[in-house]
Every structure is written in structure tokens, then in C-alpha cells.
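Student: Predicted model and sequence below, questions to follow.
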Amino acid sequence: MIAFIVVVFCVVAGTKINSLKKQSQELTEKEATLDKQIENEEQRTAELEELEKYMQTKKFMEEVAKEKLGLVYPDEILIQPSNK
């Protein structure tokens with residue numbers, strides 16, 4: 001009777017150990033995926049910060065004024081191609 005109980009206990013413990021190993025592997029894979037996502041988002045944040053700094057420069061404002069609003073400096077001449 002004791003041997004049967006020990007065998008059942010070993011089977012239950014072995015099953016639980018295998019289940020925990022599988023869960024641990026899944027969590028490790030999920031952690032790696034999340035670490036990659038964090039890295040990508042940190043890179044994106046850095047790029048957005050650089051863009052924000054650039055958008056506050058005079059050069060950016062001049063480009064927007066010329067391209068979107070068609071503004072030019074008083075001493076500049078705007079030449080537009082003819083559409084034929």
C-alpha cells in the first residue's frame with residue numbers, strides 16, 4: 001500500500017514538474033518578446049524626440065513656410081514650372 005502511494009505521489013509530482021517547466025519556457029519566450037518590444041519603443045521614442053527637436057528649429061520652420069505656405073524671403077524669386 002505504501003509503495004502504491006509513493007508511486008502515485010511520484011507520478012503527480014513528475015506531471016507537475018513537467019507542467020511548471022513548460023510554463024517557465026513559455027514565460028521566458030514571452031519575456032524575450034516583451035524585451036524586444038521595449039527596445040523598439042525606446043528607439044521610437046528617441047526618434048520622436050529627435051524629430052521634436054528638429055521641428056523647433058528655424059530650418060524646419062523655413063521649410064514648412066516655403067513648401068506648405070509658398071512663402072519666400074523678400075530677396076528670393078519663386079520660379080514655378082509650367083504645366084504643358
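Tutor: Thanks, I have it. Numbering: from 1, shown residues only.
Student: C-alpha only now, for contacts and for neighbours.
Tutor: Will do.
Student: low-scoring pLDDT stretches of this protein, where are they?
Tutor: Scanning the chain with the threshold set as pLDDT under 70 gives 84.
Student: same thing but at 90, please
Tutor: Across the chain, the stretches falling below the confidence threshold (pLDDT under 90) are 1-2, 4, 62-84.
Student: longest helix anywhere in it?
Tutor: Longest helix in the chain, counting residues (DSSP state H): helix 2-55.
Student: next SSE after that helix?
Tutor: helix 58-67 (DSSP states H and E).
Student: how close does the residue in the chain sticking out farthest from the centre get to Gly14?
Tutor: Here the chain has its C-alpha centre computed as a mean, and the residue farthest from that point, by CA atoms, centre = their mean, is Met1 with 58.6 Å. In this structure, Met1 and Gly14 are separated by 20 Å, where distance is defined by CA to CA, to the nearest Å.
Student: and what of Lys21?
Tutor: Taken as CA to CA, the spacing of Lys21 relative to Gly14 amounts to 11 Å.
Student: Tell me how many other residues crowd Val11.
Tutor: A total of 12 residues lie near Val11 under the criterion other CA atoms under 10 Å.
Student: give the contact list for it.
Tutor: Contact criterion CA atoms under 8 Å, 6 or more residues apart in numbering gives no residues in contact with Val11.
Student: Many thanks, we can stop here.
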